[in-house]
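Visitor: Structure, please.
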Amino acid sequence: MKVRKITNIILAFAILVSSQFACQALSSTPSGTQPPQPVLTESIPVITDTPIAEPAQTETTFDISQFSDDEVMAGIQETLDAYADAYTNNDPDLLDEFVDQENKPFRRIVKSRFDDFQKSSSGGQYSFEYTLLDIQRRDFGIVVGHFKTSGGFEANWMFRFLGNRWVLSEPTVEQVGEPVITETRHFTFTTYPWADDVNPKIMSMLDTARADVEKVLGKVPEEKANIIILPIYGLRPANSSLSIANYSSAQGTVKNVIQINIPYSYAYSFYDPVLGWDGDLQTTLTHEYTHMTHLLSFDKAGGLSDWMSEGLAEYVSGATENKYWACDAYNSGTFIPILDESDVIYKQDLMHMYLLEQDFSLSYDFATSLVDFTVEKHGGLDGFWALAHALDETSDFKKAVPQAFGISYEQYNQEWQDWLKGLC
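Guide: Residues are numbered from 1 along each chain as shown. Predicted structure coming up:
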């Protein structure tokens, strides 16, 4: 199962957007040295086969040709400053002033993120600051603002002029155009004309992701993946508000769906400019296609263990730096064990990643490190699959380890910790 606790997702997002995290932190490592990663949510509520559009979205369009680029940039900078102040000072009224209140799905995603951040332990702990870099004018009075945080990360969000100010916004369902279906050898794409400037590139990236997964795992599914490239959150308002892409084995009658938010949407969030949005997205798509491959080509071996699924997807997508952040956390006194053998009901361990009450993002690092360790020290990927199949057969990780490797769970666990401790 690929479900993440929303409180933990929000906390991860809160750390990601903090302008104070120039040191690149997503997980709550004590030293705060981990680079931010897109928040990935692979399991989402089942929705119908067609877009869900909320009714009565007002399509107020203001002729912005009267404004010079300098005037537009000054207005959008004012909005970014207000957005930052609202987060810093927990001011929901200020947030509302600079968010499009006529677009119901959009205002909900913005407000949901804000409320959950302020309720989290990170609320009130950081100051935010954004600097507008450039703009791109689009149809319907929409302007894409490209900006950076004081921590050096970048984003591309959409704005429009409403009343007497620029507000965070996005086009309506009607404005993005009718869906276009494109069949290729391995994918069925659903795209929208609004995003035709990035659709071809993202479509090509799926072919790369498939090839990368096949190169590492040796096989990929014959089944086509159904790819939906979403230009706005309003097309799928039931989706997680904090994912840039997600995989679902089924949505209604449609099987094997990967949904992707375009890089100049609020839903996409931030990216590392060194990698570019395409570099960040490429690893994400490889991660998501790994989930599909794991399910269809490997019968989701090891499915009883959360860390095997997510750790494998991170391993295949090349997130090798994760193990070093796990090492840093471990040596700083923060550790997520394979098994929580205490009597608590809600286990704080890698076997139950999706149920963690804290350090959820950090669990991805430990999961990746455990896959890396197993591959390196216990027979490569064949060893990983041997352990996964043993877990499927025994339903008991302590029995699966000796069945797969001929050593006790205690020895395997200690070897991993010793290996992890020496990485950094």
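
Visitor: So which bits of the helix or strand where S361 lies are buried?
Guide: Assigned by DSSP states H and E, S361 belongs to helix 360-377. Across helix 360-377, burial judged by 16 or more other Cβ atoms under 10 Å covers 360-375. The way it works is simple: take the backbone N, C-alpha and C, and place the C-beta from them, glycine included.

Visitor: now swap in stretch 86-98 and tell me
Guide: For stretch 86-98, burial by neighbour count (16+ other Cβ under 10 Å) applies to 86-88, 95, 97-98.

Visitor: From one end of it to the other, what's the distance?
Guide: Terminal residues of stretch 86-98 are spaced 10 Å apart (Cα to Cα, to the nearest Å).

Visitor: tally of neighbours for V173?
Guide: By the other Cβ atoms under 10 Å criterion, the neighbourhood of V173 contains 20 residues.

Visitor: packing partners for the helix holding S361?
Guide: In this structure, helix 360-377 packs against helix 6-17, helix 306-316, helix 322-331, helix 380-394, helix 409-421, with contacts taken as 3 or more Cβ pairs under 8 Å, 6 or more residues apart in numbering; DSSP states H and E.

Visitor: Of those, flag the one that's most buried.
Guide: Comparing the helices and strands packed on helix 360-377 by mean neighbour count (mean count of other Cβ atoms under 10 Å), helix 306-316 ranks first with a mean of 26.

Visitor: For that helix, which helices and strands make contact with it?
Guide: Against helix 306-316 (3+ Cβ pairs under 8 Å, 6+ apart) you get helix 199-217, helix 276-297, helix 360-377, helix 380-394.

Visitor: Give me the distance from that helix to the chain's centre.
Guide: Distance of helix 306-316 from the chain centroid (Cα atoms, centre = their mean, to the nearest Å) equals 14 Å.

Visitor: Report the angle between that helix and helix 380-394.
Guide: Interaxial angle, helix 306-316 versus helix 380-394 (axes from the mean of the first three to the mean of the last three Cα atoms, to 10 degrees): 160 degrees.

Visitor: Please name the nearest non-neighbouring residue to W416.
Guide: F373 (4.8 Å; Cβ to Cβ, 6 or more residues apart in numbering).

Visitor: any idea how far that neighbour lies from I227?
Guide: Applying Cβ to Cβ, to the nearest Å, the value for F373 to I227 is 33 Å.

Visitor: and what of G141?
Guide: With distances taken as Cβ to Cβ, G141 is found 29 Å from I227.

Visitor: so D278 makes contact with A209?
Guide: No: contact criterion Cβ atoms under 8 Å: D278 and A209 do not qualify, at 11.9 Å.

Visitor: Pick out whichever of those two has more residues nearby.
Guide: Set D278 next to A209 and count neighbours by other Cβ under 10 Å: A209 wins out with 26 against 14.

Visitor: my guess is the more buried one meets M292, correct?
Guide: No: using Cβ under 8 Å, A209 makes no contact with M292, being 9.9 Å away.

Visitor: Walk me through the domains of the protein.
Guide: Taking automatic domain parsing as the reference, the chain has its domains at 38-52+175-293, 64-168, 306-421.

Visitor: Out of the ones you listed, which gets the lowest mean score?
Guide: Of all the domains of the chain, mean pLDDT reaches its minimum on domain 38-52+175-293 (a mean of 89).

Visitor: I'd like the distance from that domain to the chain centre, please.
Guide: That offset, for domain 38-52+175-293, works out to 11 Å (Cα atoms, centre = their mean).

Visitor: Who has more neighbours out of G141 and I227?
Guide: Each of G141 and I227 has its neighbours counted (other Cβ under 10 Å); I227 has more, 25 against 19.

Visitor: so what's the more buried one up against?
Guide: By Cβ atoms under 8 Å, 6 or more residues apart in numbering, the contact list for I227 reads 187-190, 203, 206, 257-260.

Visitor: Okay, and it sits in which element?
Guide: For I227, the enclosing helix or strand under DSSP H and E is strand 225-230.

Visitor: And the buried residues of stretch 86-98, which is closest to R236?
Guide: When those are compared for distance to R236 (Cβ to Cβ), L95 wins out at 22.9 Å.

Visitor: A86 is in contact with the closest one, correct?
Guide: Yes: between L95 and A86 there is a contact under Cβ under 8 Å: 3.9 Å.

Visitor: what is in contact with these two at once?
Guide: Listed as contacting both L95 and A86 by Cβ under 8 Å, 6+ apart are F114.

Visitor: Burial check on the closest residue to T283 other than its chain neighbours, number of neighbours?
Guide: Nearest residue to T283, sequence neighbours excluded (Cβ to Cβ, 6+ apart): S317, at 4.5 Å. Using other Cβ under 10 Å, S317 has 24 neighbouring residues.

Visitor: My guess is S317 contacts T293. True?
Guide: No: the pair S317 / T293 is not scored as a contact, 11.6 Å apart, by Cβ under 8 Å.

Visitor: what's the spacing between the residue nearest to T374 when sequence neighbours are not counted and F117?
Guide: Using Cβ to Cβ, 6+ apart and skipping the chain neighbours, the partner closest in space to T374 is F384 (5.1 Å). Computed as Cβ to Cβ, the F384 to F117 distance reads 36 Å.

Visitor: Could you do V220 as well?
Guide: If you measure V220 against F117 using Cβ to Cβ, the figure is 38 Å.

Visitor: returning to that earlier point: okay if I get the helices and strands packed on helix 306-316 as CSV plus distance to R107?
Guide: As requested, the helices and strands packed on helix 306-316 are arranged in CSV below (distance: least, Cβ to Cβ, whole Å):
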stretch, distance to R107
helix 199-217, 26
helix 276-297, 24
helix 360-377, 26
helix 380-394, 44
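
Visitor: which residues does the residue lying farthest from the centre of the chain contact?
Guide: For the chain, the largest distance from the centre (Cα atoms, centre = their mean) belongs to Q66, which lies 38.1 Å off. Contacts for Q66 (Cβ under 8 Å, 6+ apart) come out as none.

Visitor: How about A301?
Guide: 294, 308, 385, 388-389, 392.
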